[in-house]
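Colleague: need coordinates for the following:
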Amino acid sequence: QVQVAESGGGLVQPGGSLRLSCAASGFAVDNYAIGWFRQAPGKEPEGVLCLGSDLGNKYEADSVKGRFTASRDTARNTVYLQMHSLTPEDTGVYYCAAEWRLIFNGVCLRESFASWGQGTQVTVSS
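Modeller: Below you'll find the model as predicted:
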């Protein structure tokens with residue numbers, strides 16, 4: 001059974017950094033696409049950084065380019081989202097999602113993913 005679970009959220013001051021983890025079970029992270037989505041209060045989830053199942057393929061939202069990076073740790077079967085220079089606009093619930101054989105060409109849509117975690121709250125505030 002394909003399952004993912006997020007952790008690492010919390011309260012951080014503007015300009016700070018945070019690393020989220022997406023622990024995978026039932027599949028190998030290097031064989032699946034992993035998407036990180038953010039749901040801001042009152043809004044729909046949006047893809048912020050998605051790693052394709054073809055290594056090297058990824059999607060980055062303009063709002064996070066140069067600030068967020070995602071990486072796979074195959075030894076721990078975990079995908080990380082490293083976030084720097086956080087702003088209040090980064091506040092929201094962050095979800096990771098997994099899908100087999102999926103690549104991205106300019107978009108990362110939540111409808112493309114079947115397996116989702118429960119989310120972890122990130123609050124950027126002074």
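Colleague: let's verify the most centrally placed residue in the chain: helix, strand, or coil?
Modeller: The geometric centre of the chain, computed from its C-alpha atoms, lies nearest to residue 36 (Cα atoms, centre = their mean), at 2.0 Å. For residue 36, the secondary-structure state derived from DSSP: H, G, I helix; E, B strand; the rest coil is strand.
Colleague: wait, doesn't it sit right on residue 22?
Modeller: Yes - applying Cβ atoms under 8 Å, one finds residue 36 in contact with residue 22, separated by 7.4 Å. (Each C-beta comes from the backbone N, C-alpha and C, glycine too.)
Colleague: joint contacts of these two?
Modeller: Common neighbours of residue 36 and residue 22 (criterion: Cβ atoms under 8 Å, 6 or more residues apart in numbering): 81, 96.
Colleague: please enumerate the strands of the chain.
Modeller: Ranges of strands within the chain are 3-7, 10-12, 18-25, 32-39, 46-51, 58-60, 68-73, 78-83, 92-100, 115-116, 120-124, based on DSSP state E.
Colleague: strand partners of the fourth one, parallel vs antiparallel please.
Modeller: Pointing back at strand 32-39 there. Pairing partners of strand 32-39, with direction, according to DSSP bridges: strand 46-51 (antiparallel), strand 92-100 (antiparallel).
Colleague: and the contacts of it?
Modeller: Residues beyond strand 32-39 that count as contacts (Cβ under 8 Å, 6+ apart) turn out to be 2, 4, 20, 22, 24, 45-53, 68, 70, 72, 79, 81, 90, 92-104, 108, 110, 112-113, 119, 122.
Colleague: swap in the longest one?
Modeller: If you take Cβ under 8 Å, 6+ apart as the criterion, strand 92-100 is touched by 2, 4, 6, 9, 20, 22, 24, 27, 29, 31-41, 43, 45, 48, 53, 79, 81, 110, 112-122.
Colleague: can you list the buried residues in it?
Modeller: Buried residues in strand 92-100, defined by neighbour count with 16 or more other Cβ atoms under 10 Å: 92, 93, 94, 95, 96, 97, 98, 99.
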